[in-house]
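Novice: no sequence on this one, just coordinates:
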């Protein structure tokens, strides 16, 4: 009945509005909490997650059974399944974030003016962050830890298929917050699978959401960027390139190309396209192509690549802009650093790109010309990861140009303000 | 005729699309240009602006005549009027930006990982910045200089009433670029008063705009934030507060309150509300109110303020959220730092707020609790200005929480990327 639906809608709206206001209040408590208190909370979360292992596994078993019954694809079911090792990994992840340098309060710049004003730029929390993510329950713990580390209140909306798991993990998170004397509303989980809740979050909960982070597939991110009435930190696809410069060491070229593509094909840091310098493609491409094929990778090349590797399939225009997330790689022969940079500017997603080169000038020129969040010289694109950067954990890899680029850890979830100290100065 | 309009629309769209592509190309040239080249361009712009003084004044005279004929308000006409002194100020502004530290290429962080990877965070241009502004022609020169200093290509769309002035200034800017060997498309001015051009810019010019900055009144900023399909750096109103703490020195309180409100009432750094600590309002409020009244300011108070200052008008709920930009100030008595911070959180715009206090603990607590872009201790809110911060010039004061807060100078128009240097590392 229409009336019933309206009632349910109004009730959800009231519930989400209350969540927004509670988060806004919790953000004030977090702003005032010192680093030691926030560290204590995250350590206590780790203890609580370990202690609640049986409850979390029981809740997860219900999610898995429901997902099976609903006919979810086995790969998807696997993503949401927890076991004792995964719970231990979650607790260790919390401990890692507890141990990283606290980002808040740091003066990132400070200077005096001729009139005696002392200007400091100080790192501060953003406020309230809403994170919308898909079915991995460990994100609930990671996101809670990163938000508390950075002094932000969190509103978490995970995939419907793991609601029970998320609520069980959240109970442990809330215990950790309480133990440090912080309000348990510092981290809130949306307790309904009603998709209308996502729409309300995107609407900004009456100004109570300062930042929305979508963590999930292309369609989720696109919906969020389309509908959000609050700022979004986007994490788009990784159409990443490995460019073999004419000066490349062949051994490094083989090792990096194979690792960048094949170590794990489903991560956003996986390479999708191999670019080879025309100046020495004959030396480089055949052995690299052979190694990739031996590792189980299908290659799709342009005319010049195919002329050097008999039997290579033909790449279509669509291939260059495709994030395969599969053991498939497109291959193009390009003319030097300029040719590689032009290809990447046209088809890449400004995520992560690598050059293999012994010629340092060429490598640095590539690093200047290629405008991606991460540019690697003689290293695999699979290092595009917050933990590999030393950030402890990450909430994703930002591919937008503003605010934060690359791995988003606790420091990237902060902003700054200026504190100007005077002695009575007025402006003439 | 419908057909004619469609043709015009298609032609405008083609023209704006070409402008976007030219900007994208120019951005590559700017990315490769070194600091000395960009400095030379800005210095040459200053020379060219001085040399083109007569042409700029002639064009401006046409704009002013047209504005008079169109019945524009005298205050608006005055804003767009140039004279020799204003042209000299414009040239000096360019020279100031030429002299500030170049923000590009700086490594804002650099560290090694246990696997030998060397990670550097390097400041880089954003790419293409579109700036939409109202009738002050000097913005054309300021924006051009700040964008070139920060390595960004600029698309400038100024107020229709000063198109001739803007084109004359742009001719000088283009001469400066050419003299440094940079493409003149590094800074482009929209050459039509057709408002559909703004809509096309907000649409992102087919992905060729990386950032949109509206500089103007509330309605312009609101339209941009509503319609933009590219990131926006918002500059909302400044509902700024001066809080007189119980520990305030009376002389400083008087000087700062009067300066913050009355030095210039029309700037975004002007104070709109005076907050007085109830713990010593009797000592502080009457003399400060008297000084403000003597300076020509109308006061509108809450009940407690009015009980201390006979004859003060009554403030309505609307007053607390109003940016008067006029010699009017609302006055509230609040309970300590917490009361002041709560009032500011409820009614402020996170722009600029000041405390007057001799008690350092109270002052620092205010600086922590008040989440505004600029918090001042014992200084006037009118220091909220890029030049006063030492930034050379500014394109506005950002009131959003992401990317940049406070005065937006050249450094705030940059982003960063990670350059990771390895020796063949692959990820295990």
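Specialist: Alright, I've got the coordinates. Being a predicted model, the structure only gives us computed values, none of them experimental.
Novice: From here on, just use CA atoms for contacts and neighbour counts.
Specialist: Fine.
Novice: hey, where'd the strands end up in the stretch 201-350 of chain A?
Specialist: Here the stretch 201-350 of chain A has its strands, by DSSP state E, counting those that start in this stretch, at A:211-215, A:240-244, A:271-277, A:298-301, A:313-314, A:328-334.
Novice: name the helices or strands packed onto the strand or helix carrying residue A:39?
Specialist: Residue A:39 is part of helix A:35-51, with elements assigned from DSSP states H and E. Applying 3 or more Cα pairs under 8 Å, 6 or more residues apart in numbering or on different chains; DSSP states H and E, one finds that helix A:35-51 contacts helix A:84-99, helix A:138-149, helix A:163-179.
Novice: Mind giving me the packing neighbours of the last one?
Specialist: Helix A:163-179 is packed against helix A:35-51, helix A:53-69, helix A:138-149, strand A:187-189, with contacts defined by 3+ Cα pairs under 8 Å, 6+ apart.
Novice: Repeat that for the first one.
Specialist: In terms of contacts (3+ Cα pairs under 8 Å, 6+ apart), helix A:84-99 is packed against helix A:35-51, helix A:53-69, helix A:138-149.
Novice: Buried residues, the second one. List them.
Specialist: By neighbour count with 16 or more other Cα atoms under 10 Å in any protein chain shown, helix A:53-69 contains the buried residues A:53, A:55, A:56, A:57, A:59, A:60, A:61, A:62, A:63, A:64, A:67.
Novice: quick revisit: between helix A:138-149 and the helix holding residue A:39, find me the angle.
Specialist: Here helix A:35-51 points in a direction 160 degrees away from that of helix A:138-149 (axes from the mean of the first three to the mean of the last three Cα atoms, to 10 degrees).
Novice: who touches helix A:35-51?
Specialist: A:87-88, A:90-92, A:94-95, A:97-99, A:102, A:104, A:145, A:148-149, A:151, A:169, A:172-182 (Cα atoms under 8 Å, 6 or more residues apart in numbering or on different chains).
Novice: Next: stretch A:174-187.
Specialist: Contacts of stretch A:174-187 with the rest of the structure, by Cα under 8 Å, 6+ apart, involve A:22-23, A:26-27, A:29-30, A:37-38, A:40-48, A:144, A:148, A:152-156, A:170, A:173.
Novice: Can I get the buried part of those as one PyMOL selection?
Specialist: Buried members of the contacts of stretch A:174-187 can be picked out in PyMOL with the line below, counting by 16+ other Cα under 10 Å:
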select buried, chain A and resi 22+23+26+27+29+30+37+38+40+41+42+43+44+45+46+47+48+144+148+152+153+154+155+156+170+173
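Novice: Regarding whatever residue of the stretch 301-428 of chain A ends up closest to chain B, what is its secondary structure?
Specialist: Chain B sits closest to residue A:403 of the stretch 301-428 of chain A, with a gap of 3.7 Å, by Cα to the nearest Cα. What DSSP: H, G, I helix; E, B strand; the rest coil gives for residue A:403 is coil.
Novice: which one is it nearest to, not counting chain neighbours?
Specialist: Spatially, and ignoring its direct neighbours in sequence, residue A:403 is nearest to residue B:403 (3.7 Å; Cα to Cα, 6 or more residues apart in numbering or on different chains).
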